[in-house]
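A.B. asks: sequence-free structure coming up:
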């Protein structure tokens, strides 16, 4: 606690002891002197600087003696310590999740709503934030659909040759630890708006099926039945992850990995990123080295950016862009039968289109 211009460093040894001589930096003890000119105009009447070192929280309260008396600031600091102590005591109670709404500001929850979410999940919560509008739309149609497989995506990867199952598991564990969307589920009951809930860690949702002893026809039928069962099961929002991994052993040197997930987690741009990191980590573990993936911004940053947008400004923009339109423009596409599903259409493109021209067209229009 010091008046403006003078600050005292937290107590510590000036010279490292023998047990800590390897540490490159240590706190300096004693008064450091004036760090600012007394003629400077401070932006705040009271400055609070905090430092955590060696497991201890040190706080320095700086104030102007011409505005506040020491007794006033000392009382404020003491009240701060009391509130902080009460908060720590609350978070350490066994019946609470150890979090308060201030830990997840994007979620805009009260304590009851936060406790309700943490009661639903068997894992420790790392983060909570709102869904984007597109994710909310996918969740709406998933809940509205009669079939559980709505927006459930299945990707198949065929491995030929020797497969190191342990390295593959470790590779996926690394990628799960890096990308919070893979450790996310969605909750909506008992809260105003649906939220994405990220678990601090999850058990890798991988299982292994062995079809190698079956005949070719039986193997094909068993594989198709598995894919149908997985699709009909769809997303289980009671689990801490909306991802499932199933490794199907077709032969000693032939395996297929079925990677299933709900589409609100990943889009066409995200899937190649995940797969490339899995394969890079797999090869690194096979070679006895540690993977070194590039740093990537978390999805939370995008969710925060979306949540901070000015909707009134967006409405004004689109009103201006759409001024003059007098009729509704239909963008809906229906198939002839009117039934949901998918169909494969094969087209033969001339070399001038199928080569670099097609790839350049996709890049220019940002198509997957």
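C.D. replies: Yes, it's here. The structure presented is a predicted model; accordingly, all values stated were derived computationally and were not measured.
A.B. asks: which stretches of the chain have low pLDDT?
C.D. replies: For the chain, the stretches with pLDDT under 70 are 1-23, 27-31, 95-97, 331-341.
A.B. asks: Residue 154: neighbour count?
C.D. replies: For residue 154, the tally of surrounding residues (other C-beta atoms under 10 Å) stands at 14. Heads up, the C-betas are built off the backbone N, CA and C, glycines and all.
A.B. asks: Point me to the helix or strand that includes it.
C.D. replies: If you go by DSSP states H and E, residue 154 is part of strand 152-160.
A.B. asks: List the contacts of the residue located most distally from the centre of the chain.
C.D. replies: Residue farthest from the centre of the chain, counting by C-alpha atoms, centre = their mean, is residue 66 at 47.9 Å. By C-beta atoms under 8 Å, 6 or more residues apart in numbering, residue 66 lies in contact with nothing.
A.B. asks: Residues touching stretch 111-130, excluding its own?
C.D. replies: Counting by C-beta under 8 Å, 6+ apart, residues outside stretch 111-130 touching it are 96-101, 104, 106-109, 180, 183, 185, 187, 190-202, 238, 240, 300, 303-304, 307.
A.B. asks: helices or strands up against the longest helix seen in the chain?
C.D. replies: Determined from DSSP state H, the single longest helix within the chain is helix 70-91. Judged by 3 or more C-beta pairs under 8 Å, 6 or more residues apart in numbering; DSSP states H and E, helix 70-91 is in contact with strand 56-63.
A.B. asks: Show me which parts of the strand it packs on are buried, residue by residue.
C.D. replies: Residues of strand 56-63 classed as buried under the neighbour-count rule (16 or more other C-beta atoms under 10 Å) are 58, 61, 62, 63.
A.B. asks: what's the closest of those residues to residue 343?
C.D. replies: residue 58 (66.3 Å; C-beta to C-beta).
A.B. asks: so that closest one touches residue 48, yeah?
C.D. replies: No - the criterion here is C-beta atoms under 8 Å, and residue 58 misses it with residue 48 at 11.3 Å.
A.B. asks: What separation do you get for the residue nearest to the spatial centre of the chain and residue 26?
C.D. replies: Nearest to the mean C-alpha position of the chain, by C-alpha atoms, centre = their mean, lies residue 180 at 2.9 Å. As judged by C-beta to C-beta, to the nearest Å, residue 180 and residue 26 stand 35 Å apart.
A.B. asks: ok so, going back, hang on, the residue farthest from the centre of the chain is in a strand, isn't it?
C.D. replies: No - counting by DSSP: H, G, I helix; E, B strand; the rest coil, one finds residue 66 to be coil, located in no strand.
A.B. asks: separation between it and residue 349?
C.D. replies: Remark: distance between residue 66 and residue 349 (C-beta to C-beta) = 79 Å.
A.B. asks: Please apply the same query to residue 219.
C.D. replies: In terms of C-beta to C-beta, residue 219 sits 34 Å off from residue 349.
A.B. asks: So these two - more neighbours on which side?
C.D. replies: residue 219 (16 against 10).
A.B. asks: tell me which element the more buried one is part of?
C.D. replies: Counting by DSSP H and E, residue 219 is part of helix 216-233.
A.B. asks: could you check the angle strand 152-160 makes with that helix?
C.D. replies: Orientation check (axes from the mean of the first three to the mean of the last three C-alpha atoms, to 10 degrees): helix 216-233 against strand 152-160 gives 150 degrees.
A.B. asks: So which elements touch helix 216-233?
C.D. replies: Checking 3+ C-beta pairs under 8 Å, 6+ apart, helix 216-233 ends up next to strand 152-160, strand 243-251, strand 254-262.
A.B. asks: What does residue 195 show for phi and psi?
C.D. replies: phi -130, psi 150 (degrees, to the nearest 10).
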